[in-house]
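Sequence and predicted model, in that order:
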Number of protein chains: 2
Amino acid sequence: MPATDTKSAIRREALRLFSERGFAAVSMRELAEAVGMHQGGIYNHFPSKQALLVDLMATHINALLEAHEAAMEEVQGPEAQLRAFVQNHVSYHLDYPKDVFLAYMELRSLDAVNRKDIVALRNRYEQSLRTILEEGRSRGLFRIDDAAVHARMLLSMLTGATTWYRDDGRLDRDAIVACHVRGAMQSVGLEVTEP
Amino acid sequence: MPATDTKSAIRREALRLFSERGFAAVSMRELAEAVGMHQGGIYNHFPSKQALLVDLMATHINALLEAHEAAMEEVQGPEAQLRAFVQNHVSYHLDYPKDVFLAYMELRSLDAVNRKDIVALRNRYEQSLRTILEEGRSRGLFRIDDAAVHARMLLSMLTGATTWYRDDGRLDRDAIVACHVRGAMQSVGLEVTEP
DNA sequence: CATAAATATGAATGATCGTTCATTCATATC
DNA sequence: GATATGAATGAACGATCATTCATATTTATG
């Protein structure tokens, strides 16, 4: 078995275990057992438990930013931009709920240096939503009290689905995305036409 | 010093440490040190670390339900009920951010029996919001796709403030509550008059 | 096939975990 | 003032933690 398979298996199981039970509550022994190897071997692929967490979180946040930038290309005007942002955000979050949950929950498990880097990336993402809201507000398109607060409100709202969405649930992915798009558009005071 | 002071000091420091760093990442030694006592003494007040967590979470969820029921008394009609729900929810969450964060994050640290009880209480709370949304939708007052999904969207949105609100922040408590009330009312398609 | 590099093993490291316990201490009751 | 009680101490328990390492095995390269 080539090395890269083991490494990605470690990533996959670590993502699953850390997101399910928390970084601190999962031991390297458990992780190794889940992968089907012995504890020492993990250190051939990742220098420490902390480095493994950083790898998972950085991979996620970079992938999210990449998807975001691709989704926002050539989309003009606050209303269309907000719609594109919400669609991409919710779609991505439903596709990678574990990655999202881990990045959200385990910031506090990072040491100071690593946390600073991840937070900077997250702030960049939040800032891009804030800019859309500011622009919509200053043009009189959006009716909101405060762009910064509203950006955070929306991010919380749109991210929450990761905690309860199931593939075999009552509503499919597109229906849930649609609920969120509508809720977000209406939250800034826009009218959404009935389907 | 009477015993009750020590017990509440343990509660206070446990709430702080568990919410800041996570239940699994805080040791009984650290907790004891934060309280200013030795590790063994905690067990005179709580039979186990798990029991301490259950105590904190049950206290919170019951207090939230109590505040909720008081806030909803004699409030009639979906629009007024939604407004009352949001106001109470956000106010309570800004007052007790650590309690909220702990109850939200550490469900997975509870054993099966305790988790079942807490989840049942939380579902009761979520159900009451869902009922308001269903009622508003069926009367044609709210424009939402799905009451269950919208209830969860709103709860995520309204709970998020606990993760970033600071007493010395740019906006005061009432302003933040107002942002959330407006965002929530508009999210169901209601018009909110400018202040 | 030989050799080197990468990877896996499994035991061992010292530290720390939640919990227990015999003991001491302070306070309240009779 | 003797005694009972709840609380705090501080050492100790076995278990488990992340990590290291010498060794064995597998894989890739000549």
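Looks like it arrived, so ask away.

Can you pull the poorly scored residue ranges out of chain A?
A:1-4, A:194-195 (pLDDT under 70).

Stretch A:147-154 close to chain B?
Yes: Stretch A:147-154 reaches chain B (CB under 8 Å from any CB of the partner chain) through A:148-150, A:152-154. All C-beta spots, glycine's among them, are computed from the backbone N, C-alpha and C.

and the residues you listed as a markdown table, adding neighbour count and distance to residue B:109?
As requested, the residues of stretch A:147-154 next to chain B are exported to a markdown table (neighbours: other CB atoms under 10 Å in any protein chain shown; distance: CB to CB, whole Å):
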| residue | neighbour count | distance to residue B:109 |
| --- | --- | --- |
| A:148 | 18 | 32 |
| A:149 | 24 | 31 |
| A:150 | 26 | 33 |
| A:152 | 22 | 26 |
| A:153 | 26 | 28 |
| A:154 | 29 | 29 |
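
Check which helices and strands whichever strand or helix holds residue A:130 sits against.
Using DSSP states H and E, residue A:130 sits within helix A:112-138. Applying 3 or more CB pairs under 8 Å, 6 or more residues apart in numbering or on different chains; DSSP states H and E, one finds that helix A:112-138 makes contact with helix A:49-72, helix A:78-95, helix A:147-159.

mind checking the SS state of the most centrally placed residue in chain A?
Centroid-nearest residue in chain A, with CA atoms, centre = their mean: residue A:100, separated by 3.6 Å. The three-state label given to residue A:100 by DSSP: H, G, I helix; E, B strand; the rest coil is helix.

residues touching it, list them.
A:60, A:64, A:92-93, A:159, A:162 (CB atoms under 8 Å, 6 or more residues apart in numbering or on different chains).

before we move on, what about residue A:126?
By CB under 8 Å, 6+ apart, residue A:126 lies in contact with A:151-152, A:155.

Residue B:8 versus that one, what's the distance?
37 Å (CB to CB, to the nearest Å).

And residue A:112, by the same measure?
For residue A:112 relative to residue B:8 (CB to CB), the value is 32 Å.

Just want to know which of those two has more residues nearby.
residue B:8 (11 against 6; other CB atoms under 10 Å in any protein chain shown).

and the helix or strand encompassing that one, what other elements does it pack with?
Residue B:8 is located in helix B:3-21, with elements delineated by DSSP H and E. In terms of contacts (3+ CB pairs under 8 Å, 6+ apart), helix B:3-21 is packed against helix B:28-35, helix B:49-72, helix B:97-105.

just to revisit the earlier point, quick one: the helix holding residue A:130 near DNA strand D?
No: using CB under 7 Å from any atom of the strand, helix A:112-138 never reaches DNA strand D; the gap is at least 12.7 Å.

buried ones in that helix?
A:114-115, A:118, A:121-122, A:125-126, A:128-130, A:132-137 (16 or more other CB atoms under 10 Å in any protein chain shown).

Filter these to keep only those in contact with DNA strand C.
Within the buried residues of helix A:112-138, nothing lies near DNA strand C by CB under 7 Å from any atom of the strand.

now, which of those residues sits nearest DNA strand D?
residue A:114 (12.7 Å; CB to the nearest atom of the strand).

give me every residue that touches that closest one.
A:50, A:54.

ok, now how distant is it from residue A:155?
22 Å.

now residue A:54
Distance, residue A:54 to residue A:155, by CB to CB: 22 Å.

same check, this time on residue A:93
Distance from residue A:93 to residue A:155, by CB to CB: 10 Å.

Show me whatever sits in contact with both of these two.
What both residue A:93 and residue A:155 touch, as defined by CB under 8 Å, 6+ apart, is an empty set.

re earlier: check the contacts of residue A:126 against residue A:40 and report the nearest one.
Using CB to CB, residue A:155 is the member of the contacts of residue A:126 that lies nearest residue A:40, at 40.2 Å.

Tell me how far that closest one lies from DNA strand D.
30 Å (CB to the nearest atom of the strand, to the nearest Å).

need the contact list for that residue.
Here residue A:155 is in contact with A:89, A:126, A:129, B:160 (CB under 8 Å, 6+ apart).

ok now do the residue nearest to residue A:61 when sequence neighbours are not counted, which residues does it touch?
Counting by CB to CB, 6 or more residues apart in numbering or on different chains, residue A:121 is the residue found nearest to residue A:61 once chain neighbours are left out, at 4.6 Å. Contacts for residue A:121 (CB under 8 Å, 6+ apart) come out as A:58, A:61-62, A:65.

most neighbours, which of those?
Of these, with other CB under 10 Å as the count, residue A:61 tops at 21 neighbours.

Not counting its neighbours along the chain, what's nearest residue A:108?
Per CB to CB, 6+ apart, closest to residue A:108 is residue B:21, 6.0 Å.

wait, doesn't that neighbour sit right on residue A:106?
No: Residue B:21 sits out of contact with residue A:106 when judged by CB atoms under 8 Å, with a separation of 11.0 Å.
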